[in-house]
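Asker: sharing a model that was predicted from the sequence below.
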Amino acid sequence: MDDAAGHGTVPRPIDWAGDHVRLLDQTRLPQDLVFLEITTIEALVEAIQRLAVRGAPALGVAGALGVALAVTTLPEPEWASAIARLRAARPTAVNLARGVDLAARELDRHPGESCRGSVLAAALALRDAEIAASTAMARRGAEELYRVLPDRDRLRLLTVCNTGALAAVERGTALAVVEQVFRDGRLERVIVCETRPLLQGARLTAWELTRWGAPFELIVDAAAAGLIGSGAVDAVLVGADRIAANGDTANKVGTFSLALAARYACPGRPVPFYVVAPESTLDPTTPDGAAIVVEERSGAEVTSVHGIPIAPAGTAALNPAFDVTPTALITGIVTDRRILTSS
């Protein structure tokens, strides 16, 4: 166990370690920096479902590396079942299924055990592509902010959940844009929503920002709309787990509320609201937000914090992990290749 305190770069949350998958257990942050050596499909599915690895790009890489793990460790008759379990581990993030499918295509191209090298090569190529995408999104997103906010020398940015290196492989999506603004010397501060119920903003985004040495302030989720309305925020940056063909976007629950606040909390002066996600998160097979399956997680995540009850015993809770923001509320979608708008 290593001490997670201190400054510096954020370690890769997922990678291949010779013959198995190595994961940073994000459920242990910020207190402990613990890596998991994943040697079975069962362990990988469990890690995905309990959010030891999370974030759309990272889940895509996990899915692809999971196929490599399956063909490395299991007899061929068990491959199809293992791949199906991986693909279904979480339903909302399109990257997971897409990463599994990308690596699994090599099974048809190279039947039998000869596929192992090509499956791993495909998975590692996806990992490298996501790293390159994060760098491209960071620069494109920062330049877009400078374009739409020409009168602001230093920017006040608000974000939700965690969209940094922990959600990708390196740098991230929306938080990669924040990092670029910081590197450019144009960041005044980041306002970080705590992101109930699992506190990914408080636990993970704050941890990443601390390691950069970036200025930030943590808020309860309910404070965001008021701060946006008061003029304290120049732009809102969020990630995405699936972007439908019409531009409707699924992201961490609470994102829709931020989009509404950005559009309407300052009458006559909407705050720019950007979704930052790689092209791999665009899903042309899903026509609109109504067709996106929203994962419903255990109510125990709402009624307790780190296992400590915060509601009376027997309290029922709704716990949708995501919500859908209509494309009409999104200023632009920044990808590694382009900026998409609804106009």
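Answerer: Structure's in. What do you need? Numbers count the residues shown, from 1 in each chain.

Asker: and the longest strand for the protein?
Answerer: strand 187-193 (DSSP state E).

Asker: which strands or helices does that one pack on?
Answerer: Other helices and strands packing on strand 187-193, by 3 or more C-beta pairs under 8 Å, 6 or more residues apart in numbering; DSSP states H and E, are strand 155-159, helix 174-183, helix 206-212, strand 216-219, helix 224-229. Placement of C-beta: from N, CA and C, glycine included.

Asker: buried set for the helix or strand residue 236 falls within?
Answerer: With elements taken from DSSP states H and E, the one containing residue 236 is strand 235-238. By 16 or more other C-beta atoms under 10 Å, the buried positions in strand 235-238 come out as 235, 236, 237, 238.

Asker: buried residues in stretch 292-303?
Answerer: Buried-residue list, stretch 292-303, by 16+ other C-beta under 10 Å: 292, 294, 295, 297, 302, 303.

Asker: and which of these is nearest residue 45?
Answerer: Looking at the buried residues of stretch 292-303 and their distance to residue 45, the nearest is residue 295, at 14.5 Å (C-beta to C-beta).

Asker: any idea which residue sits dead centre in the chain?
Answerer: The centroid of the chain falls nearest to residue 55 when counting by C-alpha atoms, centre = their mean (2.8 Å).

Asker: quick check: it touching residue 168?
Answerer: Yes. At 6.1 Å, residue 55 and residue 168 qualify as touching, with contact defined as C-beta atoms under 8 Å.

Asker: what packs against the strand holding residue 236?
Answerer: helix 116-148, strand 155-159, helix 174-183, helix 255-264, strand 273-276.

Asker: which parts of stretch 199-213 are buried?
Answerer: Those would be 199-209, 211-212, for stretch 199-213 by 16+ other C-beta under 10 Å.

Asker: got those as CSV, with pLDDT and distance to residue 26 columns?
Answerer: As requested, the buried residues of stretch 199-213 are exported to CSV (pLDDT from 0 to 100; distance: C-beta to C-beta, whole Å):
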residue, pLDDT, distance to residue 26
199, 97, 11
200, 98, 8
201, 98, 13
202, 98, 13
203, 97, 8
204, 98, 6
205, 98, 11
206, 98, 13
207, 97, 9
208, 98, 11
209, 98, 15
211, 95, 14
212, 95, 17
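
Asker: can you put the residues you listed in a markdown table and add distance to residue 39?
Answerer: Shown next, in a markdown table, are those (distance: C-beta to C-beta, whole Å):
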| residue | distance to residue 39 |
| --- | --- |
| 199 | 29 |
| 200 | 27 |
| 201 | 32 |
| 202 | 32 |
| 203 | 26 |
| 204 | 25 |
| 205 | 30 |
| 206 | 32 |
| 207 | 27 |
| 208 | 28 |
| 209 | 33 |
| 211 | 29 |
| 212 | 33 |
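
Asker: now do the contacts for the residue of the chain most remote from its centre.
Answerer: Largest separation from the mean C-alpha position in the chain: residue 112, at 33.9 Å (C-alpha atoms, centre = their mean). Counting by C-beta atoms under 8 Å, 6 or more residues apart in numbering, residue 112 touches residue 76.

Asker: if we can go back for a sec, what pLDDT does the model give the residue nearest to the centre of the chain?
Answerer: Residue 55 is assigned 93 on the pLDDT scale.

Asker: grab the nearest non-local neighbour of it.
Answerer: Closest residue to residue 55 apart from its sequence neighbours, by C-beta to C-beta, 6 or more residues apart in numbering: residue 167 at 2.4 Å.

Asker: any idea how far residue 207 is from that neighbour?
Answerer: 12 Å (C-beta to C-beta, to the nearest Å).

Asker: rewinding a little: following the strand holding residue 236 in sequence, what is the next regular element?
Answerer: Heading C-terminal from strand 235-238 (DSSP H and E), you reach strand 242-244.

Asker: tabulate the CA atom coordinates of the following helix or strand past that next one in PDB.
Answerer: Once strand 242-244 ends, the next helix or strand along the chain (criterion: DSSP H and E) is strand 249-252. Taking Å, rounded to 0.1, in the frame of the first residue of the first chain, the C-alpha atoms of strand 249-252 are listed here in PDB:
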ATOM      1  CA  THR A 249     -25.900  13.000 -23.800                       C
ATOM      2  CA  ALA A 250     -25.800  10.600 -20.800                       C
ATOM      3  CA  ASN A 251     -23.500  11.500 -18.000                       C
ATOM      4  CA  LYS A 252     -23.200  11.300 -14.200                       C
END
